[in-house]
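Undergrad: Give me a 3D structure for the following:
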Amino acid sequence: MRIVNIDLDEDFLKRFFDLTGDKLPESITLVSLKKQVLNIKERFRSILADSTGASATINNLDSTEDEKLDLSKANNVLLVDNLGVITYQVQMIMERLGFRITVTKDVYGALSLFEDKDFDFVLMDLLIPTEREGFILLAELQNIAKRKGSNPIIGVMSVAGKKELKNESLERGADFYIEKSYNWQQRLTDIVKDYISE
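TA: Got it, this is the predicted structure:
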């Protein structure tokens with residue numbers, strides 16, 4: 001049997017395993033890495049397949065004035081996500097509902113935009129690129145909002161299916177949490193409508 005030495009950064013490996021909600025094992029083999037790659041591919045395949053559901057959701061949102069939400073109190077959305085297929089879907093959904101949306105792909109861009117402009121909603125991916133940075137962003141957004149005297153609704157979205165990430169996000173001040181799994185686009189639409197109708 002041929003022995004292969006793999007020298008990989010521990011943070012990288014943690015992020016890698018987090019994508020499917022698994023914990024970093026004590027020891028790693030090429031077989032376990034290959035299995036994890038297949039798990040991640042399957043996870044992303046389900047997201048891409050769910051694009052069909054997104055298309056249906058988007059198509060069901062009639063863009064006539066009667067169907068748009070009453071956004072007299074809220075209409076600016078900051079979206080923080082580095083996956084193009086997700087940003088496209090969220091943009092389409094929110095624009096059809098009548099929102100103005102600003103997109104950024106990283107923590108620093110999000111903080112800069114949030115500092116300079118008032119947003120009513122923030123929709124942020126938790127894994128940008130790891131949950132550690134996601135939780136830092138969540139805390140900093142709240143600090144800036146407090147300093148500015150604003151109270152945006154912050155929603156956390158994640159492809160990782162770990163219940164503890166949801167619980168920790170809510171404990172750290174997120175208003176809602178959505179796992180990017182089957183039909184998440186409809187859940188996002190329903191949640192936004194609920195907040196606006198309150």
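
Undergrad: Low-confidence ranges, the protein, go.
TA: 1-33, 36-37, 39-74, 198 (pLDDT under 70).

Undergrad: Domain boundaries for it, per the record?
TA: Recorded structural domains for the chain (assignment: automatic domain parsing) are 10-49, 52-197.

Undergrad: so where does Leu78 fall, helix or strand?
TA: Using DSSP states H and E, Leu78 maps to strand 76-80.

Undergrad: Tell me which strands that strand pairs with, and in which orientation.
TA: Using DSSP bridges, strand 76-80 pairs in its sheet with strand 100-104 (parallel), strand 121-125 (parallel).

Undergrad: Helices of this protein, start to end?
TA: 10-18, 30-49, 51-60, 84-96, 107-116, 131-148, 163-171, 184-197 (DSSP state H).

Undergrad: Can you mark which positions in the fourth one are buried?
TA: Taking 16 or more other Cβ atoms under 10 Å as the neighbour-count basis, helix 84-96 is seen to contain the buried residues Ile86, Thr87, Gln89, Val90, Gln91, Met92, Ile93, Met94, Arg96. Yep, even glycine has a C-beta here, placed from its N, CA and C like the rest.

Undergrad: relative orientation of it and strand 100-104 in degrees?
TA: 160 degrees (axes from the mean of the first three to the mean of the last three Cα atoms, to 10 degrees).
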